[in-house]
Each structure stands twice: as C-alpha cells, then as structure tokens.
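> I would like the atomic coordinates for the input below:
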Amino acid sequence: MGRVFVVGSLNVDSVVRVQRHPSPGETVRASDLATFWGGKGANQAVAAVSAGADVVFVGRVGDDAEGETYRRRLESRSIDVRALRVTRDVTTGHAMIAVDENGENTIIVSPGANARVTLADLDVLRGEGGLDTTDTVYESEPAGIRPADVLLVSLELDLDVVSEAVRIAAAAGARAVLNLAPFAALEPEVLALADPVVVNEHEAAQLREAGIEPASMLVTLGSAGSRWGDVSVEAQRVESVVDTTGAGDSYCGTLAARLAAGDSNEEAMRAASAAAARSVTWSGAQPA
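The predicted model follows:
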C-alpha cells in the first residue's frame, strides 16, 4: 500500500452568519463567530487518513498559536507533519467567511504562510534533506515519493510549486492526482502528467474554453455523481444536508487514499462518493 503525499494549504476559517451582506461602508449585525479548520490541503489530508492512508503533509504554517494548534491537530490524526514547516513572522492562512440567510457566502482569504511554500519545500518529495523549521530540526524525514505512492495537490499554493510537484511525482513513477481548484489553466504538459485531473462541472467548462482536454479527467457532478473516462458512479443520497463545505476535498482525499491502496478507478470513486456524502452531515470542512 502506497502513501499519500499532500502538498497543500491550511487555513483557519472564521465564519459568521448575517441576514444579508453589507454594502460598501455599511455595518450589519452577525451571529457569534465560529471557527473551523480548513484549507484544501489539510481538508484532503484529513480525508485521506480517514480513508486508511499513510499521509505525509507538505506545506507551511505561521509561527503563531493557530499554526502550532493546527500542527498538533494533524499529528493527532496520525498525519506525518515533519514536512510542515513553520514560517517566522507570518500568520497561518486565514479565511473570513460571511454566510447570508439564503446560504450565499462571501469569502476573504489571507494566504499567510501558504504563500511562502516554495520549490525548496518540495525537496521532501525527492527524498532530500533540509527539513529544518524556525524552531525544530528533525532527526529523520519521510522517505521520498515512490512509485506506489500518490501525490495529491490542489491550486491554493503558488502554481509553479504545484506544477513542479506534479513533475517530481511523475518522474518518480508515482501517480499524481491534481485537483484543479480554485481553477487555473496550468500548462498542458503538467495536466498530461496527472492521473486524474479532478474538476467539477464549472472547472471542466473552463478547461474546454481554454481548449484543454486532459487525457485523464475526473469530473464531479454534484448530486449526479462523478465520471472518469468511461466509468460513471452515482452520488450517495443524503437525507439531511448540514454544510457542503469541503465535500469536494473529502472526495479528493478519499480518492487518493483508495488509489494508493490499489483500488480500481471505480472502487476509488465509490469510496470517494460515500465520503463526500458523509462530509455534508457536519458543520465545517473537517469532522470535529
């Protein structure tokens, strides 16, 4: 069984509910502030480890209390955080979210340490050293990515970092699962290395508009399920939806975990659909 390397983002999500969104210069009353753990990378890592994978997380947090708490949270879930670096004098990524009574939201993201992930942070994929942080030098480090492993990466990091991570995984003979969200048209040669490129319907349309059609593309279709080449899988029915935040991340993390375990494409998609359905039954992107 291979490991899952997640190269990704971590955010602390601060959420308030409002009757309506304010106009510029206007102040409105909100509910009490609720705080959740988010960021596509961390969401996907938690989903992958919940699906049974050995997970290595590559990313950055700030040298603040939130960063240390997030590190401990991931570590408590048996995620290998030795490649989760601490960036001095920078805050951990943060998202400020307001949700109105119709369920429409506005989101302001301060990437913080996520924006400091560099090409040098990918040395861990190559099995090279340098896992020192501002406050720790580890005596050991994760072995580099191997053919049995799976790389999972999305686009909340610098796109050059994303592209290079895919190239490193492909050169090592590992599978790269590339979640093209939030959407950006990466170089076709990078998309061609991913197996699969995971997109929703809107992102698939944006790829078509850009004249790009990856050879291996998995399209999530919401309540209509998902499709990967000739394989289609129905979505699981959910009686009571609490919060759809992070459903796509649950899908991607579980998909990567099951592919690393040797499942067929269809088996991995079915497990991913089940995980996405479960994820909408709690508040926030990750289970408590």
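> Strands along the chain, start to end?
4-7, 11-17, 34-38, 55-62, 80-87, 93-99, 105-110, 150-153, 175-179, 197-200, 217-220, 226-228, 231-233 (DSSP state E).
> Include mean neighbour count, distance to Pro142 and mean pLDDT when you put these into CSV, please.
Quick note: C-beta positions are derived from backbone N, CA and C, even for glycine. Shown next, in CSV, are these (neighbours: other C-beta atoms under 10 Å; distance: least, C-beta to C-beta, whole Å; pLDDT from 0 to 100):
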stretch, mean neighbour count, distance to Pro142, mean pLDDT
strand 4-7, 32, 8, 98
strand 11-17, 21, 23, 91
strand 34-38, 19, 22, 92
strand 55-62, 27, 5, 96
strand 80-87, 22, 6, 92
strand 93-99, 21, 22, 90
strand 105-110, 13, 28, 86
strand 150-153, 28, 13, 98
strand 175-179, 28, 17, 98
strand 197-200, 24, 24, 96
strand 217-220, 25, 27, 97
strand 226-228, 20, 29, 97
strand 231-233, 17, 32, 95
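> could I get those strands as a markdown table with distance to Ala48?
Shown next, in a markdown table, are the strands of the chain (distance: least, C-beta to C-beta, whole Å):
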| stretch | distance to Ala48 |
| --- | --- |
| strand 4-7 | 5 |
| strand 11-17 | 18 |
| strand 34-38 | 15 |
| strand 55-62 | 5 |
| strand 80-87 | 12 |
| strand 93-99 | 19 |
| strand 105-110 | 23 |
| strand 150-153 | 7 |
| strand 175-179 | 10 |
| strand 197-200 | 13 |
| strand 217-220 | 16 |
| strand 226-228 | 17 |
| strand 231-233 | 19 |
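> of all the ones you listed, which lies closest to Gln286?
Judged by C-beta to C-beta, the one of the strands of the chain that comes nearest to Gln286 is strand 34-38, at 5.1 Å.
> Return the distance of the closest one from the chain's centre.
15 Å (C-alpha atoms, centre = their mean, to the nearest Å).
> low pLDDT regions in the chain?
103, 129-140, 243-245, 282-285 (pLDDT under 70).
> again, 80 this time
By pLDDT under 80, the weakly predicted segments of the chain are 102-105, 128-141, 238-246, 279-288.
> which stretches of it form helices?
Applying DSSP state H to the chain gives helices spanning 40-50, 65-76, 123-126, 159-171, 188-191, 201-209, 247-260, 265-279.
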